[in-house]
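**Q** predicted model, plus sequence, below.
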Amino acid sequence: MRRSLLLTTSITALLLGGSVASAEETIGSNHYISLFGGVSSGLNSPFMLEDYLYDTSSKTGFSIGGAFGQYLTPSVRGEVELSYQRYATDSYTDTGNSGASPADGYVQSANLLLNVWKDIDLGTSFTPYVGAGLGASVGSMSIDWDGSEISKGSNIGFASQLGAGVRMSVSDRMKVDIGYRMRSVYSLVGTDTEATDITLANLFNHSLQAGVTYRLGDDLSDMNAVEGSMSNVYYTLFAGVALPQDSAVTTQTYAYEVNNKAGFTTGAAIGTSLLPGWRGELEAAYTRYAHGSQTYYANESPDNMSGATSLYTLTANVWKDIPIGKYTTYVGGGVGFGLADADGTLDDVAIDGSGLGLALQFGAGIRRAVSEDWAIDFGYRARGVFGATIDGAGDNYHAQGSFLSHMLQVGFTYGNSMFDMPETDELVSQGHYATLFGGAALHEGTGTPYDADTYEMNFDTGFTIGAALGTQISDTMRGELELSYIRSGICGAREYPLEAKCEEDWSGVLQTVNLLANVWKDFDVGMVSPYVGGGLGLALVLPDIDDWADPRVAMAAQIGGGVRYAIKDDLTLDLGYRFKGVFDPLISGHGTQGADDEHGAFTYYTHAVTGGLTWDF
């Protein structure tokens, strides 16, 4: 926790410091500040304690915050947001109780988010917008009933939000903003009040808020110059085959491995050009596949499992187009929320319900224009819903699952003359670069359900190395593809908070190979250039932890910041910090029964402090 707060404070200071420092030379009419507040309520806040999975309902609370932003184009804004939500709990349910019980307490989170918003010009003083953000959050929950407090703890977790709203101009400088936000804080490890048990929680909430945005600088002539809103909009319909990975489903802290059959996916998206060669879109998708079998701790062989899983996802995506002759390749990803609906039987208990979870996706593909208005798209997507709590039949039986699929899909896109593209050399960026980096990797304590209890797994300090190939989007923005490697030793684990962090004799190493698509925003302040940004992608998880040894593919994300210093015209020194997350790989190994019967599903976070060199070419 101390490490989390220290590094969270450090990156916050870096981000805001970079913004303030840049104010001396570069803040103008394309920068703004916002203050907002509103009502907030929890959608659900599931947590694990001892050998039970609990779910809570909440009362209405509040949300407050502020942001510092910049117009990247007249219709695209990027900003750094600091916000805080707090709301009271109302009741809880857990396996074995026939109804909801009163629960007095609260849930709170302090968030640092990097947001991108797309404004939509209607030709009036009202401007709708839509967008999303990634970041980190320090969250906590405190819940008690019958005078006994059962959960209290705070830690750092991955944060995201999806939002929309409308802004109204009231003067040349000022706009009023009415908005909606859906936020998540994922995989918080804490302790109960008496420090006798480890807790593991996810927080999902939504807010209705009102705010004021104030434009900075002196030249306000383009205050309402939101460019051509609907002229560059496109619409996509797609469908394809879904190849689901084995799902991690946890109940009563047993981690089940559900083997799935191939299924299908279909969906639609509406998008627009953000910058030359960059697209943003809002996508709704549906994926369905049947179950095959299940295995769990101390089960010698897989048991057949009937039923199916359906996933409904809503994500805000960003894609980078790379023209190659008559074709356009692309890479990118998105963040949002998903609803997982599953039915079947886990260990003789019927599961038939749905739950909200975090949605992430990463993808690439190739597009071919067949006319000025139409294009065909062949793509790959890794899309998942994480941390969805699904109810079962009788006694408030809860199960929590994470579901990741690999999609091969084909789509048709319509855009009004959007595919009468300029020649390729008109879209070539201002420059390319390559980066090599390395540094120290410090893992957060990781909560994992194992052997009918919740453990905190802890790590020794490790290292990271990597490389990135990137391009200049503009004078102050960069996009890149990163390949990196992290290795850390396992010092041990603990079942009870009063134990030493490495009390349990768990040993081995955890290795991660990340493939990430990143976007960075630079601030020119003279001799040095602070920057902030983040990315989404995939991780290959290579565990060697006691009996857990099977490699897995998982979704990955990061946010970060740093400072760059030009050593000479084509060589730059980069000192940076990254907060990386890998989401719910299901780890299995050969246990005492001689089969893949020991499972653990865990999200883990890494603080990486790096140094690197960048060559421009």
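**A** Sure thing, it's come through.
**Q** what's downstream of the least confident helix or strand in the chain by mean pLDDT, the next helix or strand?
**A** Using mean pLDDT, DSSP states H and E, helix 2-23 stands out as the lowest-scoring helix or strand of the chain, at a mean of 47. Note on helix 2-23: by DSSP states H and E, the next helix or strand toward the C-terminus is strand 31-44.
**Q** in that following strand, what's buried?
**A** For strand 31-44, the neighbour count (16 or more other Cβ atoms under 10 Å) marks His31, Tyr32, Ser34, Phe36, Gly37, Gly38, Ser40, Ser41, Gly42, Leu43, Asn44 as buried. Bear in mind the C-beta positions are built from the backbone N, C-alpha and C, glycine included.
**Q** tell me the gap between the helix or strand harbouring Phe403 and the middle of its chain.
**A** Secondary structure assignment for Phe403, by DSSP H and E: strand 398-415. The chain centre lies 16 Å from the centre of strand 398-415; the measure is Cα atoms, centre = their mean, to the nearest Å.
**Q** and what of stretch 545-556?
**A** The answer for stretch 545-556 is 20 Å, by Cα atoms, centre = their mean.
**Q** just the CA coordinates for that stretch, please, in CSV.
**A** Only the C-alpha atoms of stretch 545-556 are listed here, as CSV (Å, rounded to 0.1, in the frame of the first residue of the first chain):
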residue,chain,number,x,y,z
ILE,A,545,5.0,-20.8,-9.3
ASP,A,546,5.1,-24.1,-7.5
ASP,A,547,2.7,-26.3,-9.5
TRP,A,548,1.4,-23.4,-11.7
ALA,A,549,3.3,-23.6,-15.0
ASP,A,550,0.9,-23.4,-18.0
PRO,A,551,1.3,-20.3,-20.2
ARG,A,552,-1.7,-18.1,-20.8
VAL,A,553,-2.7,-15.2,-23.0
ALA,A,554,-4.4,-12.3,-21.2
MET,A,555,-5.4,-8.7,-21.8
ALA,A,556,-3.0,-6.0,-20.7
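**Q** give me the below-cutoff pLDDT ranges for the stretch 201-350 of the chain.
**A** By pLDDT under 70, the weakly predicted segments of the stretch 201-350 of the chain are 219-231, 252-254, 296-301, 347-349.
**Q** mark out where each domain of the chain begins and ends.
**A** Domain assignment of the chain by automatic domain parsing yields the ranges 30-199, 233-420, 429-617.
**Q** mind putting these into TSV with distance to His206?
**A** Below are those laid out as TSV (distance: least, Cβ to Cβ, whole Å):
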stretch	distance to His206
domain 30-199	5
domain 233-420	10
domain 429-617	21
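**Q** which residues in the stretch 351-500 of the chain form strands?
**A** All strands of the stretch 351-500 of the chain, identified by DSSP state E, counting those that start in this stretch, fall at 374-391, 398-415, 432-443, 446-450, 453-459, 462-474, 477-494.
**Q** out of these, deepest packed?
**A** Most buried of these, by mean neighbour count (mean count of other Cβ atoms under 10 Å): strand 446-450, with a mean of 25.
**Q** the strands of the stretch 351-500 of the chain: lowest mean pLDDT?
**A** Sorting those by mean pLDDT places strand 446-450 lowest, at a mean of 71.
**Q** show me what contacts the closest residue in space to Tyr235 that isn't next to it in sequence?
**A** Among residues not flanking Tyr235 along the chain, Tyr414 sits closest, at 5.1 Å (Cβ to Cβ, 6 or more residues apart in numbering). Residues in contact with Tyr414 (Cβ atoms under 8 Å, 6 or more residues apart in numbering) are Tyr234, Tyr235, Thr236, Asp373, Trp374.
**Q** quick one, strands of the stretch 201-350 of the chain?
**A** Under DSSP E, counting those that start in this stretch, the stretch 201-350 of the chain gives strands at 233-244, 247-251, 254-260, 263-275, 278-295, 303-304, 308-324, 327-346, 349-369.
**Q** quick one, which of those strands gets closest to Ser529.
**A** Closest to Ser529 of those is strand 263-275 (Cβ to Cβ; 19.4 Å).
**Q** SS state for Tyr129?
**A** Secondary structure state of Tyr129, per DSSP: H, G, I helix; E, B strand; the rest coil, is strand.
**Q** test my guess that it contacts Val166.
**A** Yes: contact criterion Cβ atoms under 8 Å: Tyr129 and Val166 qualify, at 7.3 Å.
**Q** ok so, going back, need the strands of the stretch 351-500 of the chain in JSON lines (columns: distance to Thr287).
**A** Listed next are the strands of the stretch 351-500 of the chain as JSON lines, based on distance: least, Cβ to Cβ, whole Å:
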{"stretch": "strand 374-391", "distance to Thr287": "7"}
{"stretch": "strand 398-415", "distance to Thr287": "6"}
{"stretch": "strand 432-443", "distance to Thr287": "31"}
{"stretch": "strand 446-450", "distance to Thr287": "25"}
{"stretch": "strand 453-459", "distance to Thr287": "29"}
{"stretch": "strand 462-474", "distance to Thr287": "31"}
{"stretch": "strand 477-494", "distance to Thr287": "26"}
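**Q** closest to Ile567 out of these?
**A** strand 432-443 (13.4 Å).
**Q** list the strands paired with the closest one, with their directions.
**A** strand 462-474 (antiparallel), strand 604-616 (antiparallel) (DSSP bridges).
**Q** out of these, flag the one nearest Val138.
**A** Nearest to Val138 among those is strand 604-616 (12.1 Å), distances taken as Cβ to Cβ.
**Q** residues contacting Gly537?
**A** Contacts of Gly537 by Cβ under 8 Å, 6+ apart are Gly333, Phe362, Glu482, Asn514, Leu515, Leu516, Ala517, Met555, Ala556, Ala557.
**Q** now with 7 Å, please.
**A** Each residue near Gly537 by Cβ atoms under 7 Å, 6 or more residues apart in numbering is listed here: Gly333, Phe362, Asn514, Leu515, Leu516, Ala517, Ala556.
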